[in-house]
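Following is a predicted model, sequence given first.
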Amino acid sequence: MDSHIRDASDRTELTPAQERVIAALVQFVRENGYQPSMEELARKMGLNPSGVHHHLRGIALSGWIGLTGVSRSIIIPADVMEMFGENSE
């Protein structure tokens, strides 16, 4: 699927909505120790799963994360985990 993670300097800017999705994704991983399903992330954000999927595809196309097409296997680079971690808000 979209596993083309870019170097930090090559990533395109995120929209505010994409920033909220990636922050929720990182928070879920930090709290639970594993990747959320689309349904879990949607529930956490109060969105529908297709809306979350749309945002995740945009985030992946921007080079911030990688999508493998396998459930619970979103690739989040360490610098993104750090950037959107607990102290980012």
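Nice, thanks for sending it over.

Please count neighbours and contacts with C-alpha atoms only from this point.
OK.

Ile65 and Arg57 touch, don't they?
No - using Cα atoms under 8 Å, Ile65 is not in contact with Arg57; the gap is 9.0 Å.

Looking at the two, which one has more neighbours?
Set Ile65 next to Arg57 and count neighbours by other Cα atoms under 10 Å: Ile65 wins out with 24 against 17.

And the more buried one, how far from Gly58?
Distance, Ile65 to Gly58, using Cα to Cα, to the nearest Å: 10 Å.

Gln18 now?
Plainly put, Gln18 is 8 Å away from Gly58 if you go by Cα to Cα.

now Pro49
14 Å.

Over to Thr15?
According to Cα to Cα, Thr15 and Gly58 sit 9 Å apart.

ok, Gln35 - how many residues close by?
19.

where does the spatially most central residue of the chain land on pLDDT?
With distances taken as Cα atoms, centre = their mean, Ile22 lies nearest the centre of the chain, 3.7 Å away. pLDDT recorded at Ile22 is 96.

List of residues touching the longest helix along the chain?
In the chain, ranked by residue count with DSSP state H as the criterion, the top helix is helix 16-32. With contact meaning Cα atoms under 8 Å, 6 or more residues apart in numbering, helix 16-32 is reached by 34-36, 41, 44-45, 52, 55-56, 58-59, 81, 84-86.
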